[in-house]
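*Asks:* predicted model, plus sequence, below.
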Amino acid sequence: MASIPTSDPKRTPTSANASPSTECGCEDLRCTADTLSGPSLSGTASNLSRSGRGRISACPGVQIAATGSYAPDRIITNEDLAALGCDSDWIVQRTGIQQRRKAADHEATSDLAFRAAVDCLQSAGVSPSEVDLIVCATITPDFMTPSTACLLQSRLGCVAPAFDVNAACAGFMVGMVTAAQFVRTGAARNALVVGSEIMSRTVDASDVKTYPLFGDGAGAALLQPIKPDFGAEGQPGNGLIRFTLGSEGDPNALCIPGGGSREPLSAETLAAGRQYLQMDGRSVFKWAVRIVEDSLNDVLSDSGVCASDIDLVILHQANIRILDAAIGHFAIPRERMFVNLDRFGNTSAASIPLALDQAVKAGRLQRGNLVLLCGFGAGLSWGTTLLRW
């Protein structure tokens, strides 16, 4: 196992940027009803978003204490794909992607997840023995069962429940919000959320419109409790200030049809390429632009935060035209949107945590910054949050 700094399991874990978890005011972090009081965002009809596409909730008292990432060494440029019939200029003009990473033949999704998790825990100064929850977002698991999260748990040596989340490109957002509930209620002190994908094995090399879009990688975030702050009237608090999750089930837009219980793999389905990702690019593009606009507007409106006050925006790295079209409707300077899809392509559930870690390491985030995160993809599903870094 990779070397990870160890620490006294009896001490309260902290990182250089994290507040001690004892600030929560609960000796064993089992928060009381008083601690959990705050805005009424219980998921009833009264908190439907303005767009009507989801419900708005909040999760103060939870922070991202550290991040980590891993990308395979092998770089595949647009020029490398020319032999497959892919046009480099078309790829750049239509998507903004110039290169992507590809996992080695011996690497599986859990291998990438492990490297990102180790990086994250080392950054936090937290040992695996202190991790008490693992959530892995992926649509490219090592096996149908067991979960990739369980493989990661075993390799890290954590004593913790571990489970996967399948929400495609929105997976990390769903995983983060799920883990935040464990931290918020005191059920976990150190929740490790990982997005890991080997998307290069889900796409058909003969599909020149889809194959160049995807790459492989992993990103991780460690969630820890802090003292909850709901903010004064009209002012944002801390943690996940506002978030919205949503789904509009539609397998026709973006789907891997073969391999499930509806269409088990057979010689015939394999010959037909049903094991590969199929996408209606035009409809997904239009939906993605609209859902990003709607969900960002929903969380900003409900929190009372002006778009111009946002310090950093990280959207799922799918297509530069989607990002530009969506962000163009808000008073957010283009330089405040972090973009790395030109170097990594679409890494699905790994997209946001990979970009988030790169932003941290580039010095783009400081404690107290307001950050917008938005993931969107197959399902169709999405997750958007405004958080205090």
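*Replies:* Done, it's in.
*Asks:* roughly how far apart are Ser266 and Asn252?
*Replies:* 22 Å (C-beta to C-beta, to the nearest Å). For every residue, glycine as well, the C-beta is placed using N, CA and C.
*Asks:* what's the spacing between the closest residue to Gln63 other than its chain neighbours and Thr109?
*Replies:* Distances taken as C-beta to C-beta, 6 or more residues apart in numbering put Ile226 closest to Gln63, at 5.0 Å, once the chain neighbours are dropped. According to C-beta to C-beta, Ile226 and Thr109 sit 31 Å apart.
*Asks:* okay, these two: which has more neighbours?
*Replies:* Using other C-beta atoms under 10 Å as the criterion, Ile226 and Thr109 rank with Thr109 on top: 29 against 20.
*Asks:* show me what contacts that one?
*Replies:* Listed by C-beta atoms under 8 Å, 6 or more residues apart in numbering, the contact set of Thr109 reads Thr138, Thr140, Pro141, Asp142, Thr148, Ser196, Glu197, Ile198, Ala218.
*Asks:* of the residues you listed, closest to Thr95?
*Replies:* For these, the minimum distance to Thr95 (C-beta to C-beta) is 17.3 Å, reached by Glu197.
*Asks:* could you tell me the model confidence score at Thr244?
*Replies:* pLDDT for Thr244: 96.
*Asks:* identify the bridge partners of it.
*Replies:* Counting by DSSP bridges, Thr244 forms beta bridges with Ile56, Thr384.
*Asks:* Three-state assignment for the spatially most central residue of the chain, please.
*Replies:* In the chain, the residue lying closest to the centroid (C-alpha atoms, centre = their mean) is Phe172, at 2.7 Å. Three-state assignment for Phe172 (DSSP: H, G, I helix; E, B strand; the rest coil): helix.
*Asks:* now the helices for the protein?
*Replies:* For the chain, the helices defined by DSSP state H cover 88-95, 109-124, 148-156, 171-184, 267-271, 281-303, 320-327, 341-344, 351-361.
*Asks:* can I get those in JSON lines including distance to Gly258 and mean pLDDT?
*Replies:* Compiled in JSON lines, the helices of the chain are given as follows (distance: least, C-beta to C-beta, whole Å; pLDDT from 0 to 100):
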{"stretch": "helix 88-95", "distance to Gly258": "26", "mean pLDDT": "91"}
{"stretch": "helix 109-124", "distance to Gly258": "19", "mean pLDDT": "98"}
{"stretch": "helix 148-156", "distance to Gly258": "20", "mean pLDDT": "98"}
{"stretch": "helix 171-184", "distance to Gly258": "20", "mean pLDDT": "98"}
{"stretch": "helix 267-271", "distance to Gly258": "4", "mean pLDDT": "95"}
{"stretch": "helix 281-303", "distance to Gly258": "19", "mean pLDDT": "92"}
{"stretch": "helix 320-327", "distance to Gly258": "27", "mean pLDDT": "91"}
{"stretch": "helix 341-344", "distance to Gly258": "27", "mean pLDDT": "97"}
{"stretch": "helix 351-361", "distance to Gly258": "24", "mean pLDDT": "98"}
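*Asks:* which residues of this protein score low on pLDDT?
*Replies:* Along the chain, segments meeting pLDDT under 70 span 1-46, 230-235.
*Asks:* hmm, 50 instead?
*Replies:* 1-45 (pLDDT under 50).
*Asks:* and it, what are its domains?
*Replies:* The record's domain parsing of the chain by automatic domain parsing lists 24-31+60-225, 240-388.
*Asks:* quick one: closest of those domains to Arg53.
*Replies:* Of the domains of the chain, nearest to Arg53 by C-beta to C-beta is domain 240-388, at 5.3 Å.
*Asks:* and Ala160, how far from Asp89?
*Replies:* From Ala160 across to Asp89, the span is 48 Å (C-beta to C-beta).
*Asks:* do Ala349 as well
*Replies:* For Ala349, the distance to Asp89 - C-beta to C-beta - is 29 Å.
*Asks:* Leu323 and Phe330 touch, don't they?
*Replies:* No: look at Leu323 against Phe330 with C-beta atoms under 8 Å: they stay out of range, at 11.8 Å.
*Asks:* please say which of these two ends up with more neighbours.
*Replies:* Between Leu323 and Phe330, Leu323 has the larger neighbour count (other C-beta under 10 Å), namely 25 against 19.
*Asks:* quick check: closest non-adjacent residue to that one.
*Replies:* Leu315 (5.3 Å).
*Asks:* higher neighbour count, Ala160 and Asp89?
*Replies:* Between Ala160 and Asp89, counted using other C-beta under 10 Å, Ala160 has the larger neighbour count: 20 against 8.
*Asks:* and that one, what is it in contact with?
*Replies:* Val131, Asp132, Leu133, Ile134, Gln153, Leu192.
*Asks:* of the residues you listed, closest to Gly52?
*Replies:* Nearest to Gly52 among the contacts of Ala160, with distances taken as C-beta to C-beta, is Leu133, at 32.4 Å.
*Asks:* that closest one: what's it in contact with?
*Replies:* By C-beta under 8 Å, 6+ apart, the residues touching Leu133 are Ala160, Pro161, Ala162, Ala179, Phe182, Val183, Ala187, Ala188, Asn190, Ala191, Leu192.
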